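everything below, folded, please.
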Amino acid sequence: MGVKNLAIKTNVTINGKEYYRIRIVVGKDKNGKDIVKNFYGKSKKDAENKRDKWLQENHLGLNHVIKKDSLSMAMYDWIWNILRVSGIKESSFERYEGIYRNYIENAEIGYMRLEDIQRINIQKYYNDLYEKGKTYSQIKNAHKLINMFFKYAVMEGYLLRNPCEGISLDQYKEEETIEELDMLFEDESKIETFSEEEISIILNNITNPKLKILVKFALGTGLRQGEILALNKSDVNDMEVRVTKTLSNVKVYDGPDKYHYGVKVTRPKTKSSIRKVPIPTELKKDLVELNKIRNLEKLKLGELYQENNLLFPSATGTYIDSRNLLRAWQRIFKNIDVPYKKFHALRHTYATQLLKNGSQLITVSRLLGHSSIKTTEIYAHVLESTKIKDVENLNTLFK
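Numbering: from 1, shown residues only. The predicted structure follows:
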C-alpha cells in the first residue's frame, strides 16, 4: 500500500507556481486608502513566519509601521488625524495643509522613507528650493511644518532623533531681505496711494452712506480691512479705537478634499498689531451718523436682525462679507476719473499723509501695527521720490 501524498494548501498562483499569501495593512496613502504588504510562502505557516520575521525586524506591530512610510504619506496622516484635531486655528490649519501640498506631497524628499531621512537630505532640499527662487519666508514656513512633524515622530517613538536639528536657514535670509527691499525700492507701484484730490473725488461719489463712513474710517485710522470689519462698537471709546482682532475668510475643512469658506475672527498674528489708534475728531459726526444707520437697519428688519454689537455690520447685523465689500469698492471707480487701486491703498495713503505732515517714523510704525520700523521705512522712501518730482517741477521757473 503506497503512501498518500497530501497536497500543501495554497491560495494563489503566480507564474504557474502555487503559494500561500498573507496580506497585512501597513499604512495609509494620501487618499486614506490602505497600503497592503504581501507575504508569500509554500504554506500558510511559512507565510506567517515570513510576516512575523518582517514585523520583528522592524520592531513593529500589525497596526502601525510609520517608519516604513514615506515622508509624504506619514505627514499626510499626521496633518489630518493629529494636527487637525489639536485645537489649532482654522486659518493655521489651512496654511499648514497648503504648505504640505505645495512643498512636501510631490517633492523628491516626500518620497523618501522616514528612517532614511538625514539632516543633509533636508538641508539639500532647502538649498534646492532656494535655487528655484523660493524666498527665505517660504523656506522658513516649510521648515516649520517639517520640524513640527519630526518632533511628533520622535515624541511618539517612531524615530530616535529629529533630522531637522542643526538645520541652518541663515544663508537664505540676508540676500533675500536685501533683494526684497531692492525690488520694493525699484517698483514704487507696490505702494499704491491716493492723492488728496483723488480722495475728494472718491468720497463725493460714494452713494452708500455706510460705505462712505467705512472708507473715511479706513483713511483716518490706517486699519487693515479685516481689522475694521472685526470691530465691535465697544472697541471705540473717546475717539480712540482698540485693535485686538481681525476678520478673514478661511477654508473650513470638512475632510481631506472637502471644504467650504467661512468667516473667522482671530487675534492678530503679531503683538504689535494689538494697539490703540486715535480717530480724527472730524469723524465724530460720522460715527454718530453710523449709529443712526445701524438703528434704522435694525428697525427695518425687526426680529430677523442679528445683533452682534458690530461697528460696521451688514444690513442684517452680521459681519460684512469681504467679497461684497470688494464689489462695492470696485463699483465706485466705474464712473469716476480716478485709477482703480485696492482698498488697502487707503492704509498706504494714511501712512504717507502722516509722514508728509511731519509725523515721526516710529509713531507711524506703531499706529500701523508694524512689527519692525524697517517696514514703515518703505513709505518714507516713496515720499523721497515724491519730493524729487516736486523739486523737478521748479524747472519751469527757469525756462
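
show me the domain layout of the chain.
12-64, 71-186, 190-392 (automatic domain parsing).

average pLDDT for the last one, rounded please.
Translated: domain 190-392. Per-residue confidence for domain 190-392 averages out to 88 on the pLDDT scale.

against Leu219, how distant is Ile22?
Counting by Cβ to Cβ, to the nearest Å, the gap between Ile22 and Leu219 amounts to 72 Å. C-betas here are computed from N, CA, C, even on glycine.

one more: Lys284?
Using Cβ to Cβ, one gets 15 Å for the distance from Lys284 to Leu219.

circling back: need the domains of the chain in a markdown table (columns: mean neighbour count).
What follows is those, written out as a markdown table (neighbours: other Cβ atoms under 10 Å):
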| stretch | mean neighbour count |
| --- | --- |
| domain 12-64 | 14 |
| domain 71-186 | 16 |
| domain 190-392 | 15 |
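
and the strands in the stretch 101-250 of the chain?
In chain order, the stretch 101-250 of the chain shows strands spanning 240-243, 246-255, with DSSP state E, counting those that start in this stretch as the criterion.

which elements pack onto the shortest one?
Using 3 or more Cβ pairs under 8 Å, 6 or more residues apart in numbering; DSSP states H and E as the contact criterion, the secondary-structure elements in contact with strand 240-243 are strand 275-278.

which residue is nearest the middle of the chain?
The central residue of the chain, meaning the one whose C-alpha is nearest the mean C-alpha position (Cα atoms, centre = their mean), is Arg95 at 4.2 Å.

and that one, what element?
Following DSSP states H and E, the helix or strand that holds Arg95 is helix 90-99.

how far does that helix sit from the chain's center?
Going by Cα atoms, centre = their mean, to the nearest Å, the spacing between the C-alpha centre of helix 90-99 and its chain's C-alpha centre is 6 Å.

just checking, what packs against that helix?
Helices and strands in packing contact with helix 90-99 are listed as helix 136-155, strand 246-255, strand 258-266; criterion 3+ Cβ pairs under 8 Å, 6+ apart.

now for those, which one comes closest to Glu192?
The minimum distance between Glu192 and the helices and strands packed on helix 90-99 falls on strand 246-255, with 21.0 Å, by Cβ to Cβ.

circling back: pLDDT score for the closest residue in space to the residue nearest to the centre of the chain that isn't next to it in sequence?
Beyond its immediate neighbours in the sequence, the residue positioned closest to Arg95 (Cβ to Cβ, 6 or more residues apart in numbering) is Asn141, lying 7.6 Å away. The confidence metric pLDDT takes the value 91 at Asn141.

tell me the spacing between Asn141 and Ser72.
Counting by Cβ to Cβ, the gap between Asn141 and Ser72 amounts to 17 Å.

check Gly222 too.
Computed with Cβ to Cβ, the distance linking Gly222 and Ser72 is 43 Å.

also Ser86?
According to Cβ to Cβ, Ser86 and Ser72 sit 20 Å apart.

ditto for Tyr379
Between Tyr379 and Ser72 the distance, using Cβ to Cβ, works out to 43 Å.

and the helices in this structure?
Assignment of helices within the chain using DSSP state H yields the ranges 44-57, 71-78, 90-99, 119-131, 136-155, 170-186, 196-204, 209-221, 225-229, 284-301, 322-332, 345-356, 361-368, 373-392.

what's the second one packed up against?
I take that to be helix 71-78. strand 17-28, helix 136-155.

now the ones you listed as TSV including distance to Arg113?
Conversion of the helices and strands packed on helix 71-78 to TSV gives the following (distance: least, Cβ to Cβ, whole Å):
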stretch	distance to Arg113
strand 17-28	11
helix 136-155	12
